[in-house]
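**Q** okay, predicted coordinates and the sequence, questions at the end:
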Amino acid sequence: MVTDQHDVSKPWYREGWAWFVLFPLFAAVVLSSILVTTAFKYGDDVITDDYYKKGRLINQSFQQLELALELGISADVRFDMLTGEVYIDVEKKVGESLPESLFLFMDHPVSEDLDQVIELKEIAFNRYRADLEKPLQHRWYMRLLPTSEQFELDEHGNIIEDQSSESSNLEHWLLKGEINFTSQTDIQLVP
């Protein structure tokens, strides 16, 4: 018995039209899974449950900057990239002496995982020093705060309010600045 070439059918997966129809569907599934994974992994947390507390912390930050301005505080920061050290010289015109240690918050503008909190110890009168945790590159936001036994800082460098405490959180100053390590290693922090 002789069979005609036109009567023999191929399985569906060997037909070109089947792959022409299915390829866009497979591509859409793969692309959408990549997009959803990226959105969840690198998503921006815009909505917060404690918006009232965050607003109060912003006002507190403005008051800390005003206090630093009133006290005439400024700081010269120098990074030594060869030795991995940071030096800070603080000038203060009014008020009490400076504490024995300061906190320098290094915030990376893109990745929160790169953020660093550096505790600087006083090595001479109004001169502080610390070792860097890891090398710094590109652009960073910096905040300098005094450390004290009287208050605690959260992971963002804001003072944690203690309602039972008699002392005001407004006693603590704050200096801010921004540095780009591709073009500079020294900066002056001002209120």
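**A** Cool, the structure landed.
**Q** quick check: closest non-adjacent residue to the spatially most central residue of the chain.
**A** Nearest to the geometric centre of the chain sits residue 107, at 3.5 Å (Cα atoms, centre = their mean). Among residues not flanking residue 107 along the chain, residue 141 sits closest, at 4.3 Å (Cβ to Cβ, 6 or more residues apart in numbering). Quick note: C-beta positions are derived from backbone N, CA and C, even for glycine.
**Q** quickly list what that neighbour is bridged to.
**A** On the basis of DSSP bridges, residue 141 is bridged to residue 107, residue 178.
**Q** that one touches residue 109, doesn't it?
**A** Yes. Judged on Cβ atoms under 8 Å, residue 141 makes contact with residue 109 at a distance of 6.4 Å.
**Q** now stretch 133-144: buried residues?
**A** Buried residues in stretch 133-144, counted by 16 or more other Cβ atoms under 10 Å: 136, 140, 142, 143, 144.
**Q** any idea which of these is least confident?
**A** Minimum pLDDT across the buried residues of stretch 133-144 is recorded for residue 136, with 85.
**Q** hmm, back to that, pLDDT value on the residue nearest to residue 107, please?
**A** Value listed for residue 141 in the pLDDT field: 91.
**Q** ok, it - contacts?
**A** Residues in contact with residue 141 (Cβ atoms under 8 Å, 6 or more residues apart in numbering) are 106, 107, 108, 109, 176, 177, 178.
**Q** ok, so what distance separates it from residue 8?
**A** Computed as Cβ to Cβ, to the nearest Å, the residue 141 to residue 8 distance reads 71 Å.
**Q** picking that back up, if you rank the contacts of residue 141 by neighbours, which is first?
**A** residue 106 (19 neighbours; other Cβ atoms under 10 Å).
**Q** correct me, but that one touches residue 139?
**A** No. Here residue 106 lies out of contact with residue 139, judged by Cβ under 8 Å, at a distance of 10.9 Å.
**Q** what do those two both touch?
**A** Going by Cβ under 8 Å, 6+ apart, no residue sits against residue 106 while also sitting against residue 139.
**Q** hang on, the earlier thing: which of the contacts of residue 141 sits closest to residue 70?
**A** residue 176 (15.7 Å; Cβ to Cβ).
**Q** tell me the pLDDT at the closest one?
**A** Reported pLDDT for residue 176: 88.
**Q** could you pull out the strands for this structure?
**A** 74-80, 85-91, 101-107, 116-124, 127-131, 139-146, 152-153, 159-160, 175-180, 186-189 (DSSP state E).
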